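Colleague: My questions concern the predicted model and sequence given below.
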Amino acid sequence: MTKNSARAVHFLLAALVVALDRWTKHLAATRIALYAHIQIIPGFFRLTHTENTGAAFSLFAESPTHWKTGLLIGFSVIAMAIVIVLLWKQSRPLTMTGVALSLILGGAGGNLWDRVASGKVVDFLLFYVKRYQWPVFNLADSSIVIGAALLVLEILFSKLHGKDLPSDSSSAESPNAGQS
């Protein structure tokens, strides 16, 4: 596979995440009244239509500052630019790094779309146990978290793999090894 086709796979995956995110947010916003919910798994999971003016998982949602949306948009654009550069450098498709970066890019793009269009993000997934609940989130947030987790796993496993290698490999790498 060529470098350009690897890039196409990565950006296609990111576009798929944006499309699925847009579709699921549209369904939630048009079929569930604001702050209403649909019980899916009693005591554990429900669909709840909310709108978030903060960052992922409602971070900074209660902040009264008028420049919060602009700051979040700016941060998203910078993060997406960095991810695009990293993806552009990927030469093979479907590596853990490439998939992770594609998920992050797609998730950031999905939430950025909402922020630019309306200044808020539609959230609708709510997991809870008794009175303890995770903040309401969406597919874009999930994509970002899964992508970040894959990057962390890649880093951890590459470090573990690196520890399995012999610490002194100079004799194998030296072109003059074995010559006296």
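Modeller: Yes, it's here.
Colleague: from here on, contacts and neighbour counts on C-alpha atoms
Modeller: OK.
Colleague: list the contacts for Phe45?
Modeller: 39, 125-128 (Cα atoms under 8 Å, 6 or more residues apart in numbering).
Colleague: what do you get for Leu101?
Modeller: 83, 86-87, 147-148, 151.
Colleague: quick one, helices of this structure?
Modeller: Here the chain has its helices, by DSSP state H, at 3-31, 68-89, 96-118, 139-164, 170-173.
Colleague: now the residue positioned nearest the centre of the chain: how far from Tyr128?
Modeller: Of all residues in the chain, the one closest to the mean position by Cα atoms, centre = their mean is Ile144, 1.3 Å from it. Remark: distance between Ile144 and Tyr128 (Cα to Cα, to the nearest Å) = 20 Å.
Colleague: before we move on, the earlier item: buried subset of the contacts of Leu101?
Modeller: Neighbour-count burial within these applies to 83, 87, 147-148, 151; the criterion is 16 or more other Cα atoms under 10 Å.
Colleague: Go through those residues and say which is closest to Val17.
Modeller: For the buried ones among the contacts of Leu101, the residue nearest Val17 by Cα to Cα is Gly147; the value is 11.5 Å.
Colleague: In strands, which of the contacts of Phe45 fall?
Modeller: 39, 125-128 (DSSP state E).
Colleague: Can you redo these as CSV, where the extra columns are distance to Ile104, pLDDT and neighbour count?
Modeller: Putting the ones in strands among the contacts of Phe45 into CSV (distance: Cα to Cα, whole Å; pLDDT from 0 to 100; neighbours: other Cα atoms under 10 Å) gives the following:
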residue, distance to Ile104, pLDDT, neighbour count
Gln39, 29, 96, 12
Leu125, 18, 97, 20
Leu126, 21, 96, 20
Phe127, 22, 96, 17
Tyr128, 25, 96, 16
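Colleague: Which one of those residues is nearest to Leu72?
Modeller: Leu72 lies nearest to Leu125 out of the ones in strands among the contacts of Phe45, by Cα to Cα, at 21.3 Å.
Colleague: The closest one against Phe44, yeah?
Modeller: No. The pair Leu125 and Phe44 fails to qualify as a contact (Cα atoms under 8 Å) at a distance of 11.0 Å.
Colleague: Ile104: which of the buried ones among the contacts of Leu101 is nearest?
Modeller: Taking Cα to Cα as the measure, Ile104 sits nearest to Gly147 out of the buried ones among the contacts of Leu101, at 5.3 Å.
Colleague: related to what we said a few turns ago, quick one, what contacts the residue nearest to the centre of the chain?
Modeller: 103-108.
Colleague: per-residue pLDDT, Ser174?
Modeller: Note on Ser174: pLDDT of 43.
Colleague: ignore the last one, Lys68
Modeller: pLDDT, Lys68: 65.
Colleague: Start at 54, not 1
Modeller: Got it, first residue is 54 now, which makes that one Lys121.
Colleague: remind me which residues of the chain are low pLDDT?
Modeller: Residue ranges of the chain with pLDDT under 70: 107-121, 214-233.
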